[in-house]
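*Asks:* Predicted model, plus sequence, below.
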Amino acid sequence: MPLMVRYTRNRENGEAFFTTVNVLMMEVMKLAACSFLLIREHKCIFKFLADVKDAIWGDPVETAKVVCFPAVIYTLQNNLYYIALSHLDATTFCILYQLKIFTTALLMRVLLNRRLSSYQWFALCLLVVGAADVEWSSASSEGRSMWRLQLPRPSPLHLRRV
């Protein structure tokens with residue numbers, strides 16, 4: 001997906017689109033798909049509408065905490081997704097995007113005191129090692145090294161014996 005989004009963003013100025021409209025349309029499509037599945041599960045549109053009304057207006061404070069606040073953060077994240085893609089190459093973006101899983105797990109452990117199993121920690125370590133390996137190999141294939149200091153070559157005049 002990042003390559004497709006990056007391709008669509010690299011158009012001429014007259015053909016570029018607003019990323020906020022794209023994020024809005026993604027959310028509308030998700031809402032339509034979820035509504036369709038829930039209507040099919042309820043087998044009646046009126047039962048579906050009654051459940052939606054109860055879920056939203058039954059406890060508005062809880063709805064704001066559980067639904068609205070995460071939705072605002074998620075929308076902000078999707079908009080920042082396009083900004084990051086505009087400024088980073090696709091490989092670096094994919095690596096950083098995958099590392100959000102690792103940071104989420106660490107924050108879940110630190111802030112929520114939720115324990116992770118040894119398999120989950122092993123998978124997170126594999127994720128970090130894989131991300132570092134991809135970044136390291138892409139850096140070395142481009143001829144730049146992250147681990148070596150690039151010093152200028154001395155000229156022959158500096159190597160003369162006196």
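*Replies:* Nice, I can see it. Numbers count the residues shown, from 1 in each chain.

*Asks:* Tell me the secondary structure at Arg114.
*Replies:* State at Arg114, reduced to three classes by DSSP: H, G, I helix; E, B strand; the rest coil: coil.

*Asks:* gap between the two ends of stretch 38-47?
*Replies:* Distance between the two ends of stretch 38-47: 10 Å, counting by CA to CA, to the nearest Å.

*Asks:* any idea how far it is from the chain center?
*Replies:* 33 Å (CA atoms, centre = their mean, to the nearest Å).

*Asks:* Name the residues of stretch 39-51 that are buried.
*Replies:* Using 16 or more other CB atoms under 10 Å as the test for burial, stretch 39-51 gives Phe48. In this view, the C-beta of every residue, glycine as well, is placed from N, C-alpha and C.

*Asks:* Over to it now: how far is its first residue from its last?
*Replies:* End to end - CA to CA - stretch 39-51 spans 10 Å.

*Asks:* Name the helix or strand for the most centrally placed residue in the chain, please.
*Replies:* Closest to where the C-alpha atoms of the chain average out (CA atoms, centre = their mean) is Tyr97, at 4.3 Å. Element membership for Tyr97 (DSSP states H and E) is helix 90-112.
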